[in-house]
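Undergrad: Got a sequence here, can you model it:
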Amino acid sequence: MVTLSIANHHASLPIAYRLYLPQAWAEDAARRKKVRVPEEIAFKTKPQIALEQMRWACTAGLPCGVVLMDASYGSNSALALSYVAAIVPTVKVRLAPERGAPERRMSVKELAFSLPKHAWRTITWREGTADRLRSRFARVRVRTAPIRRAKERAQETLLIEWPEGEAEPSKYWLTTLDKNISFRRLVDIAKMRWRIVPKARFQHDERDYQELKQEIGLGHYEGRGWPGFHHHGTLCIAAYAFLVSERETIPPSGPPSSRSLTQPALPGSYRPRGAPDPAPTPHAQLDRHPASQTGRRDRSNPTEMPVLCT
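TA: You can find the predicted model right below:
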(Lines give C-alpha, C1' and ligand atoms only; values in the text may rest on other atoms or scores of the structure.)
Protein backbone atom coordinates (compact mmCIF):
# COMPACT_ATOMS: atom_id res chain seq x y z
CA MET A 1 0.00 0.00 0.00
CA VAL A 2 0.98 3.60 -0.58
CA THR A 3 -0.69 5.89 1.93
CA LEU A 4 -0.69 9.58 2.74
CA SER A 5 -1.64 10.67 6.25
CA ILE A 6 -2.10 13.95 8.05
CA ALA A 7 -0.70 13.94 11.58
CA ASN A 8 0.10 15.99 14.65
CA HIS A 9 1.18 15.09 18.17
CA HIS A 10 -2.34 13.97 19.09
CA ALA A 11 -3.48 11.82 16.18
CA SER A 12 -2.94 10.75 12.59
CA LEU A 13 -5.36 9.85 9.83
CA PRO A 14 -4.83 8.38 6.34
CA ILE A 15 -6.32 10.57 3.63
CA ALA A 16 -5.11 8.66 0.56
CA TYR A 17 -4.84 4.90 0.27
CA ARG A 18 -3.92 2.92 -2.85
CA LEU A 19 -2.66 -0.55 -3.64
CA TYR A 20 0.67 -0.67 -5.46
CA LEU A 21 0.26 -2.66 -8.67
CA PRO A 22 3.53 -4.31 -9.84
CA GLN A 23 4.44 -3.88 -13.48
CA ALA A 24 3.83 -7.58 -14.20
CA TRP A 25 0.26 -7.15 -12.99
CA ALA A 26 -0.27 -3.80 -14.68
CA GLU A 27 0.60 -5.30 -18.07
CA ASP A 28 -1.42 -8.53 -17.69
CA ALA A 29 -4.89 -7.98 -19.19
CA ALA A 30 -6.27 -11.33 -17.99
CA ARG A 31 -5.26 -10.71 -14.38
CA ARG A 32 -6.60 -7.15 -14.47
CA LYS A 33 -9.98 -8.32 -15.76
CA LYS A 34 -10.25 -11.09 -13.17
CA VAL A 35 -9.71 -8.78 -10.20
CA ARG A 36 -11.46 -5.79 -11.84
CA VAL A 37 -8.59 -3.30 -11.93
CA PRO A 38 -9.97 -0.06 -13.46
CA GLU A 39 -8.77 0.71 -16.97
CA GLU A 40 -7.30 4.08 -15.96
CA ILE A 41 -4.91 2.43 -13.48
CA ALA A 42 -1.48 2.15 -15.12
CA PHE A 43 1.84 1.09 -13.67
CA LYS A 44 3.43 3.69 -11.41
CA THR A 45 6.29 3.40 -8.96
CA LYS A 46 5.56 3.93 -5.29
CA PRO A 47 7.23 7.38 -5.26
CA GLN A 48 5.13 8.36 -8.28
CA ILE A 49 1.93 7.28 -6.50
CA ALA A 50 2.98 9.20 -3.38
CA LEU A 51 3.66 12.37 -5.36
CA GLU A 52 0.28 12.03 -7.05
CA GLN A 53 -1.39 11.74 -3.63
CA MET A 54 0.39 14.86 -2.35
CA ARG A 55 -0.59 16.85 -5.44
CA TRP A 56 -4.21 15.80 -4.87
CA ALA A 57 -4.02 16.85 -1.19
CA CYS A 58 -2.67 20.28 -2.14
CA THR A 59 -5.31 20.72 -4.84
CA ALA A 60 -8.04 19.71 -2.38
CA GLY A 61 -6.95 22.52 -0.06
CA LEU A 62 -5.80 20.33 2.83
CA PRO A 63 -3.40 22.07 5.25
CA CYS A 64 0.22 21.73 4.13
CA GLY A 65 2.77 20.82 6.77
CA VAL A 66 6.18 19.18 6.58
CA VAL A 67 6.27 16.09 4.38
CA LEU A 68 7.75 13.06 6.14
CA MET A 69 8.74 9.92 4.25
CA ASP A 70 10.80 6.78 4.66
CA ALA A 71 13.90 5.83 2.70
CA SER A 72 11.86 4.15 -0.06
CA TYR A 73 10.63 7.61 -1.02
CA GLY A 74 13.30 9.90 0.40
CA SER A 75 15.98 8.71 -2.01
CA ASN A 76 13.64 9.54 -4.93
CA SER A 77 12.11 12.76 -3.62
CA ALA A 78 11.44 15.69 -5.91
CA LEU A 79 9.21 17.98 -3.87
CA ALA A 80 8.45 21.67 -3.87
CA LEU A 81 7.25 21.30 -0.25
CA SER A 82 9.26 21.36 2.97
CA TYR A 83 10.27 17.83 3.86
CA VAL A 84 12.23 15.58 6.19
CA ALA A 85 13.07 12.54 4.09
CA ALA A 86 14.73 9.38 5.38
CA ILE A 87 17.55 8.20 3.12
CA VAL A 88 19.73 5.12 2.83
CA PRO A 89 23.36 5.22 4.09
CA THR A 90 24.81 5.03 0.58
CA VAL A 91 23.41 8.38 -0.61
CA LYS A 92 26.27 10.61 -1.74
CA VAL A 93 26.60 14.19 -0.50
CA ARG A 94 29.09 17.03 -0.86
CA LEU A 95 30.40 19.07 2.03
CA ALA A 96 30.91 22.79 1.60
CA PRO A 97 34.65 23.50 1.15
CA GLU A 98 36.47 24.99 4.13
CA ARG A 99 39.09 27.72 3.64
CA GLY A 100 39.85 26.92 0.03
CA ALA A 101 39.87 23.15 0.43
CA PRO A 102 38.31 21.15 -2.41
CA GLU A 103 34.71 20.06 -2.04
CA ARG A 104 34.49 16.52 -0.68
CA ARG A 105 32.09 13.88 -1.96
CA MET A 106 31.22 10.92 0.25
CA SER A 107 28.33 8.75 1.43
CA VAL A 108 26.33 9.91 4.42
CA LYS A 109 27.60 6.88 6.35
CA GLU A 110 31.22 7.86 5.68
CA LEU A 111 30.40 11.39 6.73
CA ALA A 112 28.88 10.18 10.01
CA PHE A 113 32.05 8.29 10.91
CA SER A 114 34.21 11.32 10.08
CA LEU A 115 32.39 13.72 12.42
CA PRO A 116 34.19 14.78 15.62
CA LYS A 117 32.86 13.79 19.02
CA HIS A 118 31.58 17.29 19.81
CA ALA A 119 29.27 17.18 16.77
CA TRP A 120 26.99 14.69 18.55
CA ARG A 121 24.28 15.70 21.00
CA THR A 122 21.87 13.69 23.10
CA ILE A 123 18.37 14.94 22.28
CA THR A 124 15.13 14.14 24.14
CA TRP A 125 12.30 14.85 21.72
CA ARG A 126 9.24 13.87 23.76
CA GLU A 127 7.74 11.68 26.48
CA GLY A 128 6.93 8.11 25.53
CA THR A 129 4.37 5.85 27.18
CA ALA A 130 7.00 4.42 29.55
CA ASP A 131 9.94 6.83 29.55
CA ARG A 132 11.49 9.74 27.69
CA LEU A 133 12.50 9.18 24.08
CA ARG A 134 16.12 10.19 23.53
CA SER A 135 19.08 9.36 21.34
CA ARG A 136 22.30 10.87 19.91
CA PHE A 137 22.11 13.08 16.82
CA ALA A 138 24.30 15.20 14.59
CA ARG A 139 23.38 17.63 11.81
CA VAL A 140 25.48 18.93 8.94
CA ARG A 141 24.79 21.24 6.00
CA VAL A 142 25.36 19.31 2.77
CA ARG A 143 24.48 19.25 -0.91
CA THR A 144 23.30 15.99 -2.45
CA ALA A 145 25.65 14.74 -5.14
CA PRO A 146 23.86 13.04 -8.03
CA ILE A 147 25.90 12.09 -11.08
CA ARG A 148 24.62 15.04 -13.13
CA ARG A 149 24.05 18.72 -12.33
CA ALA A 150 25.25 18.36 -8.74
CA LYS A 151 26.25 22.03 -8.47
CA GLU A 152 22.66 23.11 -9.12
CA ARG A 153 21.42 21.34 -6.01
CA ALA A 154 20.51 23.56 -3.06
CA GLN A 155 22.00 22.97 0.37
CA GLU A 156 20.04 20.82 2.81
CA THR A 157 20.51 19.68 6.38
CA LEU A 158 21.64 16.11 6.92
CA LEU A 159 20.32 14.71 10.23
CA ILE A 160 22.00 11.56 11.57
CA GLU A 161 20.93 9.36 14.48
CA TRP A 162 23.55 7.21 16.22
CA PRO A 163 22.13 5.62 19.40
CA GLU A 164 24.46 5.24 22.35
CA GLY A 165 26.15 1.84 22.34
CA GLU A 166 25.41 1.07 18.68
CA ALA A 167 28.25 0.17 16.31
CA GLU A 168 27.06 2.59 13.61
CA PRO A 169 24.35 5.18 12.90
CA SER A 170 20.82 3.85 12.59
CA LYS A 171 19.07 6.54 10.54
CA TYR A 172 19.72 9.39 8.15
CA TRP A 173 17.44 12.20 6.95
CA LEU A 174 17.72 15.08 4.49
CA THR A 175 15.57 18.12 5.18
CA THR A 176 14.80 21.46 3.58
CA LEU A 177 13.62 23.00 6.86
CA ASP A 178 15.17 26.27 8.00
CA LYS A 179 18.80 25.66 8.90
CA ASN A 180 18.28 27.72 12.08
CA ILE A 181 15.51 25.50 13.43
CA SER A 182 16.24 24.26 16.96
CA PHE A 183 17.92 20.87 17.17
CA ARG A 184 15.19 19.41 19.37
CA ARG A 185 12.42 20.68 17.09
CA LEU A 186 14.14 19.16 14.05
CA VAL A 187 14.42 15.76 15.75
CA ASP A 188 10.81 15.96 16.96
CA ILE A 189 9.54 16.55 13.42
CA ALA A 190 11.68 13.75 11.96
CA LYS A 191 10.37 11.33 14.57
CA MET A 192 6.73 12.25 13.93
CA ARG A 193 6.57 9.61 11.18
CA TRP A 194 6.74 6.84 13.76
CA ARG A 195 3.34 7.93 15.01
CA ILE A 196 1.88 6.52 11.79
CA VAL A 197 4.08 3.52 10.96
CA PRO A 198 5.72 2.03 14.07
CA LYS A 199 8.73 -0.26 14.10
CA ALA A 200 9.26 -3.06 16.59
CA ARG A 201 12.42 -1.40 17.83
CA PHE A 202 10.58 1.71 18.98
CA GLN A 203 8.28 0.13 21.53
CA HIS A 204 7.38 3.43 23.22
CA ASP A 205 6.32 5.35 20.13
CA GLU A 206 2.71 5.81 19.17
CA ARG A 207 0.98 3.14 17.09
CA ASP A 208 -1.97 4.77 15.37
CA TYR A 209 -1.52 2.82 12.16
CA GLN A 210 -1.24 -0.43 14.10
CA GLU A 211 -4.54 0.38 15.82
CA LEU A 212 -6.12 0.99 12.43
CA LYS A 213 -4.93 -2.39 11.13
CA GLN A 214 -5.61 -4.56 14.16
CA GLU A 215 -8.39 -2.90 16.15
CA ILE A 216 -10.46 -1.50 13.27
CA GLY A 217 -9.79 -4.40 10.90
CA LEU A 218 -7.84 -2.76 8.07
CA GLY A 219 -5.48 -5.74 7.90
CA HIS A 220 -8.24 -8.37 7.91
CA TYR A 221 -9.34 -8.18 4.27
CA GLU A 222 -9.30 -11.60 2.57
CA GLY A 223 -10.82 -10.80 -0.80
CA ARG A 224 -9.15 -10.85 -4.20
CA GLY A 225 -10.60 -7.84 -5.96
CA TRP A 226 -9.35 -4.29 -6.49
CA PRO A 227 -12.75 -2.62 -5.75
CA GLY A 228 -13.37 -4.73 -2.65
CA PHE A 229 -9.93 -4.05 -1.21
CA HIS A 230 -10.25 -0.29 -1.55
CA HIS A 231 -13.87 -0.35 -0.37
CA HIS A 232 -12.79 -2.21 2.78
CA GLY A 233 -9.96 0.28 3.35
CA THR A 234 -12.28 3.25 2.90
CA LEU A 235 -14.79 1.97 5.46
CA CYS A 236 -12.07 1.16 8.01
CA ILE A 237 -10.49 4.60 7.63
CA ALA A 238 -13.90 6.27 7.94
CA ALA A 239 -14.59 4.35 11.16
CA TYR A 240 -11.16 5.26 12.51
CA ALA A 241 -11.72 8.92 11.62
CA PHE A 242 -14.93 8.87 13.65
CA LEU A 243 -13.12 7.38 16.65
CA VAL A 244 -10.30 9.94 16.37
CA SER A 245 -12.90 12.71 16.32
CA GLU A 246 -14.71 11.27 19.36
CA ARG A 247 -11.47 10.76 21.29
CA GLU A 248 -10.57 14.38 20.73
CA THR A 249 -13.60 15.42 22.79
CA ILE A 250 -12.75 13.33 25.87
CA PRO A 251 -10.08 14.74 28.22
CA PRO A 252 -7.40 13.83 29.09
CA SER A 253 -6.96 11.92 25.82
CA GLY A 254 -7.67 15.02 23.75
CA PRO A 255 -5.58 18.18 23.55
CA PRO A 256 -6.28 21.12 25.88
CA SER A 257 -8.41 22.73 23.18
CA SER A 258 -10.93 19.89 23.24
CA ARG A 259 -14.50 21.02 23.63
CA SER A 260 -16.03 20.10 26.98
CA LEU A 261 -18.84 17.57 27.16
CA THR A 262 -22.29 18.89 28.14
CA GLN A 263 -24.16 17.13 30.93
CA PRO A 264 -27.44 15.73 29.57
CA ALA A 265 -30.59 16.82 31.46
CA LEU A 266 -32.31 14.14 33.53
CA PRO A 267 -36.03 13.52 32.96
CA GLY A 268 -38.39 14.60 35.75
CA SER A 269 -39.48 11.00 36.39
CA TYR A 270 -35.87 9.77 36.90
CA ARG A 271 -35.33 7.91 40.21
CA PRO A 272 -31.85 6.58 41.12
CA ARG A 273 -31.64 2.87 41.82
CA GLY A 274 -32.21 2.17 45.52
CA ALA A 275 -34.04 5.43 46.20
CA PRO A 276 -37.32 5.12 48.22
CA ASP A 277 -40.46 4.85 46.15
CA PRO A 278 -42.51 8.06 46.28
CA ALA A 279 -46.20 7.98 47.21
CA PRO A 280 -48.01 5.93 44.55
CA THR A 281 -50.36 7.75 42.25
CA PRO A 282 -53.88 6.28 42.14
CA HIS A 283 -54.97 4.86 38.79
CA ALA A 284 -58.71 4.66 39.19
CA GLN A 285 -59.23 4.09 35.50
CA LEU A 286 -57.66 0.61 35.82
CA ASP A 287 -60.31 -0.54 38.38
CA ARG A 288 -63.44 0.97 36.92
CA HIS A 289 -64.95 -2.38 35.74
CA PRO A 290 -66.04 -5.16 38.14
CA ALA A 291 -64.20 -8.44 37.91
CA SER A 292 -65.80 -11.09 35.71
CA GLN A 293 -67.64 -13.86 37.60
CA THR A 294 -67.73 -16.35 34.73
CA GLY A 295 -66.54 -19.81 35.80
CA ARG A 296 -66.12 -18.86 39.44
CA ARG A 297 -67.59 -20.68 42.43
CA ASP A 298 -70.19 -18.97 44.60
CA ARG A 299 -68.63 -17.68 47.75
CA SER A 300 -69.55 -15.05 50.23
CA ASN A 301 -67.56 -11.87 50.69
CA PRO A 302 -64.92 -12.56 48.00
CA THR A 303 -61.51 -10.89 48.53
CA GLU A 304 -60.76 -8.10 46.09
CA MET A 305 -57.53 -8.40 44.08
CA PRO A 306 -56.07 -5.09 42.94
CA VAL A 307 -54.89 -4.89 39.35
CA LEU A 308 -51.60 -3.23 40.32
CA CYS A 309 -49.69 -4.12 43.46
CA THR A 310 -48.05 -1.31 45.37
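Undergrad: so where is the stretch 201-310 of the chain shaky, pLDDT-wise?
TA: For the stretch 201-310 of the chain, the stretches flagged by pLDDT under 70 are 201-208, 251-264, 277-310.
Undergrad: Can you name the next helix or strand after the longest strand along the chain?
TA: If you go by DSSP state E, the chain has its longest strand at strand 132-144. Downstream of strand 132-144, the next assigned helix or strand under DSSP states H and E is strand 156-161.
Undergrad: Just want the angle from that next one to strand 132-144.
TA: Inter-element angle recorded for strand 156-161 and strand 132-144: 140 degrees (by axes from the mean of the first three to the mean of the last three C-alpha atoms, to 10 degrees).
Undergrad: Pairing partners for strand 156-161, with directions?
TA: Paired with strand 156-161 in the same sheet, following DSSP bridges, are strand 132-144 (antiparallel), strand 171-175 (antiparallel).
Undergrad: worst average pLDDT in those?
TA: Mean pLDDT per stretch puts strand 132-144 lowest among the strands paired with strand 156-161, at a mean of 91.
Undergrad: Identify the residues contacting it?
TA: Applying C-beta atoms under 8 Å, 6 or more residues apart in numbering, the contact partners of strand 132-144 are 91-96, 108, 111-112, 115, 119-127, 150, 153-164, 174, 179, 183, 186-187, 191, 204-205. Every residue, glycine included, has its C-beta placed from N, CA and C.
Undergrad: List the buried residues of the longest strand of the chain.
TA: Using 16 or more other C-beta atoms under 10 Å as the test for burial, strand 132-144 gives 133, 135, 136, 137, 138, 139, 140, 142, 143, 144.
Undergrad: just curious, which of those residues is nearest to residue 58?
TA: When the buried residues of strand 132-144 are compared for distance to residue 58 (C-beta to C-beta), residue 144 wins out at 23.7 Å.
Undergrad: SS state for residue 58?
TA: Classification of residue 58 by DSSP: H, G, I helix; E, B strand; the rest coil places it in helix.
Undergrad: any idea how far it is from residue 5?
TA: The gap separating residue 58 from residue 5 is 15 Å, by C-beta to C-beta, to the nearest Å.
Undergrad: what's the answer for residue 80, then?
TA: If you measure residue 80 against residue 5 using C-beta to C-beta, the figure is 20 Å.
Undergrad: between these two, who's got more neighbours?
TA: residue 5 (20 against 9; other C-beta atoms under 10 Å).
Undergrad: where does the more buried one land in three-state SS?
TA: The local conformation at residue 5, judged by three-state DSSP, is strand.
Undergrad: thinking it is in contact with residue 17, fair?
TA: No - counting by C-beta atoms under 8 Å, residue 5 does not reach residue 17; the two are 9.3 Å apart.
Undergrad: can you list the domain ranges for the protein.
TA: The chain breaks down into these domains under automatic domain parsing: 1-64+207-255, 68-194.
Undergrad: which stretch in those has the least confidence?
TA: Of all the domains of the chain, mean pLDDT reaches its minimum on domain 68-194 (a mean of 85).
Undergrad: Residue 180: which element?
TA: Going by DSSP H and E, residue 180 is not in any helix or strand.
Undergrad: Tell me how far it lies from residue 157.
TA: Using C-beta to C-beta, residue 180 is found at 10 Å from residue 157.
Undergrad: quick one on the thing from earlier: want to throw the strands paired with strand 156-161 into a markdown table with distance to residue 240?
TA: A markdown table is the format used below for these (distance: least, C-beta to C-beta, whole Å):
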| stretch | distance to residue 240 |
| --- | --- |
| strand 132-144 | 24 |
| strand 171-175 | 28 |
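Undergrad: can you tell which of those strands is closest to residue 210?
TA: With C-beta to C-beta as the criterion, residue 210 lies closest to strand 132-144 of the strands paired with strand 156-161, at 17.2 Å.
Undergrad: which residues are in contact with stretch 155-172?
TA: Applying C-beta under 8 Å, 6+ apart, the external contacts of stretch 155-172 come out as 84, 86-89, 91, 93, 96, 108-109, 111-113, 115, 120, 122, 135-144, 173-177, 179, 186-187, 190.
Undergrad: that older thread, so which of the strands paired with strand 156-161 is nearest residue 229?
TA: The closest approach between residue 229 and any of those, judged by C-beta to C-beta, belongs to strand 171-175 at 31.5 Å.
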